[in-house]
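Chemist: Fold the stuff below for me.
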Amino acid sequence: MAISNKELEFNFNEDRMRLRIRNLQQELEKIYLGGGKKRIEKLHESGKLTARERIDLLLDPNTDRVEIGAIAGHGMYKEHGGCPGAGVVVVIGYVSGRQCIIVANDATVKAGAWFPITGKKNLRAQEIAMENRLPIIYLVDSAGVYLPLQDEIFPDKEHFGRIFRNNAIMSSEGIVQIAAVMGSCVAGGAYLPIMSDESLIVNKTGTIFLAGSYLVKAAIGESIDNETLGGATTQTEVSGVCDYNVESDQECLATIRDLMSRIGQTAHAGYDRIASEEPLEPAQKLYGLMPDERSKPYNTREILKSLVDGSTFTEYKAGYGKTILCAYARVDGWSVGIVANNREIVKSAKGEMQMGGVIYSDSADKAARFIMNCNQKAIPLVFLQDVTGFMVGSKSEHGGIIKDGAKLVNAMANSVVPKFTVVMGNSYGAGNYAMCGKAYDPRLIVAWPTAEIAVMSGAAAAKTLLQIEVAGLKTKGEEITEEREKELFNRIKSRYDEQISPYYAASRLWVDAIIDPIETRKVISMGISMANHSKPTKRYNVGAIQT
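Modeler: Now for the predicted structure:
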């Protein structure tokens, strides 16, 4: 029996997606080694566990977890030897049955020193804790600020000092913070564990002080060793700075689990959840449904069938504004409102052909109204991005595309229910904004390996930049041959393609993670579970947006 073109394309897409996922796994395997095997061995010889080993012992066995920013720092700071994982591991998971977020310094990466991206990742972890009222656990093992880059991490609003400001804010709001000094904790960094609610320190390996022995000697001439200056005995029995003196990493983590088990339950936001049901369409089908070539159309409804409970959803205004799909569904039992870019080429009610992935006036209007409805019903929103932008041209401009686009952005930006964004494919220009890009405060934003995030596609950008460069060269009297023009185009596109890669975005924390598509349900479910800890603090203002 002959294989159809559709089956051939499905198989090709599946193979390409599996290759992308394998490449992702290989990159993550390197990142998980932190500073390398030799440094891990050295850490073990000193009686310490790695950051990831500590987190594994702390989390409840066989429970879901989501890692935030694993690829942060990827390809950055090459002149400084790199900073895999930004030198810190951040995981959302469960400790003694309580969902929380864990921040663990990786001492194998420059002794846990803070690079600029380290600060950004720590602040992202605190942002998640504050938005969702999640308990936060700090496993501290850091040499402090990485001095060669101190000007990029020390004085600005979103720099190192913001960490301590957030400590104080969370404390005032009753968000539980537990810190363990499991290695070095020096200078300004010493404030973090002590501004937490409770602190632990590991005997003989943990030290905490504003200045180490060498600096004390240089500053005031006093000779003293680090253990006497700020070790566990000193800081629990003499100064009273820390609350618990523990003998090992293992005892420290067990004590944290005990402390977490005693936390009282808080009021929930009340997002609706029933018994979970697996999709009828297998999640692995996503591999073949998603075209490897970003310009190809596909059936977005088929994507939804592999993501939502029972593969069923109730579509809102199905016959109107067809380039955006809006639907009520459930993900792992949670009620959600889905706003997804429809990648099919469709015909509007007026008989006009509309390109898939493009936002037209009618689809913007529909999505805005759907977002309002979800806010009225307290239903969390899930945005599935594969968008090339808003429709351009005289017809769209005369029809008020800017007005309708502004209505969508307004409705989305003012949403008070939690928002979650999955960048499946393209995420270009203003489409990124309208579909809840990072600038619009999604509680979590993740990307599939097929994602591309930029002002425009690589080919479109290269053509635009090529025209500018060619014009500039011609004004200088240079003759541009067809071969020379092709060479310029390829050079420009190659540089731009690197910047639209999901790895480029994840390294800079424009997205929280690159995930295997089959993990999408887990990420959304854990995201809503954490958001359910926090009630909206304001009411959605519908009237201001409907005008």
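
Chemist: wait, isn't residue 535 in contact with residue 267?
Modeler: Yes - here residue 535 reaches residue 267: they are 6.8 Å apart, a contact under Cβ atoms under 8 Å. Where you see a C-beta, it was placed from the backbone N, CA and C, and this is true even at glycine.

Chemist: higher neighbour count, those two?
Modeler: Neighbour totals were compared for residue 535 and residue 267, and residue 535 leads with 14 against 9 (other Cβ atoms under 10 Å).

Chemist: need the contact list for the more buried one.
Modeler: For residue 535, the contacting residues are 267, 268, 269, 270, by Cβ atoms under 8 Å, 6 or more residues apart in numbering.

Chemist: Most neighbours of all those, which one?
Modeler: residue 269 (17 neighbours).

Chemist: Surely that residue is in a helix?
Modeler: No - counting by DSSP: H, G, I helix; E, B strand; the rest coil, one finds residue 269 to be coil, located in no helix.

Chemist: where's it relative to residue 417, distance?
Modeler: 9 Å (Cβ to Cβ, to the nearest Å).

Chemist: next one: residue 213
Modeler: 53 Å.

Chemist: the more surrounded of these two?
Modeler: Comparing residue 213 with residue 417 by other Cβ under 10 Å, the one with more neighbours is residue 417, at 22 against 18.

Chemist: these two touch, right, that one and residue 378?
Modeler: Yes - using Cβ under 8 Å, residue 417 and residue 378 qualify as a contacting pair, with a distance of 6.1 Å.

Chemist: ok, back up a step: quickly list what's touching both of residue 269 and residue 417.
Modeler: With Cβ under 8 Å, 6+ apart as the test, residue 269 and residue 417 both reach 378, 536.

Chemist: Look up which helix or strand residue 504 falls in, please.
Modeler: Per DSSP states H and E, residue 504 falls inside helix 502-507.

Chemist: Quickly run through the sheet partners of whichever helix or strand comes after that helix, with directions.
Modeler: Going down the chain from helix 502-507, the next helix or strand is strand 513-514, by DSSP H and E. Paired with strand 513-514 in the same sheet, following DSSP bridges, are strand 444-447 (parallel).

Chemist: end to end, how far does stretch 313-329 reach?
Modeler: Using Cα to Cα, to the nearest Å, the end-to-end distance of stretch 313-329 comes out at 5 Å.

Chemist: same thing with stretch 341-354?
Modeler: 12 Å.

Chemist: ok now that stretch, how far from the chain's centre?
Modeler: 32 Å (Cα atoms, centre = their mean, to the nearest Å).

Chemist: and what of stretch 392-402?
Modeler: Distance, stretch centre to chain centre, for stretch 392-402: 34 Å (Cα atoms, centre = their mean).

Chemist: Repeat that for stretch 287-302.
Modeler: So, by Cα atoms, centre = their mean, the centroid of stretch 287-302 is 23 Å from its chain's centroid.

Chemist: and if you look at stretch 332-348?
Modeler: On Cα atoms, centre = their mean, the centre of stretch 332-348 falls 22 Å from that of its chain.
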